[in-house]
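> give me coordinates for this.
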Amino acid sequence: MSSSSSTAAPAALLNINVTTTFNSFVTERRFAQDLTIKQLKHLLEGLTGANPASMELTLFRKEGALVGHLNKKDEVSLTCAGVENGMTIEVSDASIKVGEFEDTSKVKKFELSEEEYANRAESLRAFKQRNKMGQFGDGDSTEEKKKEARERFESIQLGTRCLVTVPGQPPKKGTLMYKGK
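Numbering: from 1, shown residues only. Next up is the predicted model:
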């Protein structure tokens, strides 16, 4: 006796452009085609900030032609409501004023004085100072490195055996035949 396990295939996804009447952002999202309009509204709440209870959805074709409103179809799936790949859903909410989410002047910003930043132990500046990197590094270290590299280069003799390593390949043994500039 063979038993067959019935697992539901995942619902196909629709690529939908989401716009709003209260900001200038356009985003492309993928939604399952068996998603109900009510479920879609709750997902769009996190994306747009609009309240699902007062949210109004308008459906447009790819070329911008109005298809219709999705407001009275809360229990209908996206495909039953006529939503197809590449269409645009415009979200509007009368309780949100235009540009409300784009005005950054109302956002309290984190500010730190130069002195407070200098006193922090866990900052990029403190890290660079501890490790002598960037502007906090030794000025003559590059000259020392160049001098050290030159000395190593001059100490290499032709005919010496060497091991060549290239990332992603096994090491190869060889003989030094050329010494260039």
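
> can you list contacts of stretch 132-152?
127-129 (C-beta atoms under 8 Å, 6 or more residues apart in numbering). C-beta: built from backbone N, CA, C; applies to glycine.

> same check, this time on stretch 44-57
Applying C-beta under 8 Å, 6+ apart, the set of residues contacting stretch 44-57 is 18, 20, 22-23, 27, 29, 37-38, 40-42, 69-71, 89-96, 101.

> give me that answer again for 10 Å
16, 18-23, 25, 27, 29, 31, 37-43, 68-71, 73-74, 81, 83, 89-96, 100-101 (C-beta atoms under 10 Å, 6 or more residues apart in numbering).

> could you list the buried residues of it?
44-45, 48, 50, 52, 55, 57 (16 or more other C-beta atoms under 10 Å).

> with only the CA atoms kept, save that stretch in CSV.
C-alpha atoms of stretch 44-57 as CSV (Å, rounded to 0.1, in the frame of the first residue of the first chain):
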residue,chain,number,x,y,z
LEU,A,44,0.5,47.5,3.7
GLU,A,45,0.1,49.1,7.1
GLY,A,46,3.8,48.4,8.0
LEU,A,47,4.9,49.5,4.6
THR,A,48,2.9,52.7,4.3
GLY,A,49,1.9,53.7,7.8
ALA,A,50,-1.8,53.9,6.8
ASN,A,51,-4.4,52.4,9.2
PRO,A,52,-6.1,49.3,7.6
ALA,A,53,-9.5,50.5,8.9
SER,A,54,-9.3,53.8,7.0
MET,A,55,-7.1,52.6,4.2
GLU,A,56,-8.5,52.8,0.6
LEU,A,57,-6.9,50.8,-2.2
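
> so Lys73, which state does it fall into?
Assigned by DSSP: H, G, I helix; E, B strand; the rest coil, the conformation of Lys73 is coil.

> right, and it touches Thr79 too?
No. Applying C-beta atoms under 10 Å as the test, Lys73 and Thr79 come out as separate, 11.7 Å apart.

> quick one: the strands in the protein?
13-20, 26-32, 55-60, 66-69, 88-93, 161-164, 172-175 (DSSP state E).

> what distance separates the helix or strand of the chain with the lowest mean pLDDT from the centre of its chain?
When the helices and strands of the chain are scored by mean pLDDT, DSSP states H and E, helix 141-155 comes last with a mean of 83. Counting by C-alpha atoms, centre = their mean, to the nearest Å, helix 141-155 is centred 42 Å from the centre of its parent chain.

> could you dump it to CSV, C-alpha only?
Extracted in CSV, the C-alpha atoms of helix 141-155 (Å, rounded to 0.1, in the frame of the first residue of the first chain):
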residue,chain,number,x,y,z
SER,A,141,55.5,54.0,9.1
THR,A,142,54.9,54.0,5.3
GLU,A,143,58.5,55.0,4.7
GLU,A,144,59.6,52.2,7.1
LYS,A,145,57.4,49.7,5.2
LYS,A,146,58.9,50.8,1.9
LYS,A,147,62.4,50.5,3.2
GLU,A,148,61.7,47.0,4.7
ALA,A,149,60.2,45.8,1.4
ARG,A,150,63.2,47.1,-0.6
GLU,A,151,65.6,45.3,1.8
ARG,A,152,63.6,42.0,1.3
PHE,A,153,63.6,42.5,-2.4
GLU,A,154,67.4,43.0,-2.6
SER,A,155,68.0,39.9,-0.4
